[in-house]
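A.B. asks: return a 3D structure for these sequence lines:
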Amino acid sequence: MTTSTGHGEKQTRLRETAIAALLETNTITAAAKQTGIAEKSLRNWLKEPDFVGEYRDARRALVTQATDRLAKSCREAVDTLTDIMQHSENDAPRVTAARAILDYAYKAVEIEDLTARLERLEGLLNPK
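C.D. replies: Purely as a prediction, here's the structure:
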C-alpha cells in the first residue's frame, strides 16, 4: 500500500494544524499566524461545513478530556470537603475549589446527558 504525499495531504495537515491553533489561541488572527496561513484563508475555512464540523469535533474532544479530568477530581474534592468539615479552621480557598470541581463535574454530566438525549431525538426525527 502506498501513501500519497501530494497537495491534498499537505492541505489536510495544514487544516488540522489550523484547528489545533484555533483551540490553543484566543483569536482567529493568532491562530492564522501560528499556523502560517493568511487570516482570510482561515476565515474562509471557517465558512466550510466540513472544516467547521472537524473544528467542532476537536472542541468536543477537548471538552470531553476536561470533563474526564473533572470526574477524576471529584473523589479528591469530596475528600477535601470531608476533611474540612471534620477539621475546620480556615480552609475557605480549598472549599471553594472543591465546590467548583463538583459543580463543574455535575454540569458536565448534565450537559452530556442532554446532548445524548438530543442526538437520539434528532435521530428519530431525521432517520438516515
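A.B. asks: how about low-confidence regions in the chain?
C.D. replies: Regions of the chain meeting the criterion pLDDT under 70 cover residues 1-7, 88, 128.
A.B. asks: and the helices in the protein?
C.D. replies: Taking DSSP state H as the criterion, the chain carries its helices at 7-24, 28-35, 39-45, 49-86, 92-125.
A.B. asks: now for the fourth one, which elements pack on it?
C.D. replies: Okay, so that is helix 49-86. Contact here means 3 or more CB pairs under 8 Å, 6 or more residues apart in numbering; DSSP states H and E; on that basis helix 49-86 packs against helix 7-24, helix 92-125. In this view, the C-beta of every residue, glycine as well, is placed from N, C-alpha and C.
A.B. asks: follow-up on the earlier one: adding mean neighbour count, write the helices of the chain out as CSV.
C.D. replies: Below are those laid out as CSV (neighbours: other CB atoms under 10 Å):
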stretch, mean neighbour count
helix 7-24, 14
helix 28-35, 17
helix 39-45, 15
helix 49-86, 13
helix 92-125, 12
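A.B. asks: domains in this protein, by residue range?
C.D. replies: Under the assignment automatic domain parsing, the domains of the chain span 1-47, 62-128.
A.B. asks: those domains: which one's closest to Tyr55?
C.D. replies: Nearest to Tyr55 among the domains of the chain is domain 1-47; the distance by CB to CB comes to 5.2 Å.
A.B. asks: how distant is the closest one from the center of its chain?
C.D. replies: Average the C-alpha atoms of domain 1-47, do the same for its chain, and the two points are 18 Å apart (CA atoms, centre = their mean, to the nearest Å).
A.B. asks: do stretch 72-90 as well
C.D. replies: Centre-to-centre, stretch 72-90 and its host chain are 28 Å apart (CA atoms, centre = their mean).
A.B. asks: what does that stretch contact?
C.D. replies: Stretch 72-90 is contacted from outside by Asp91, Arg94, Val95, Ala97, Ala98, Arg99, Ile101, Leu102, Ala105, using CB atoms under 8 Å, 6 or more residues apart in numbering.
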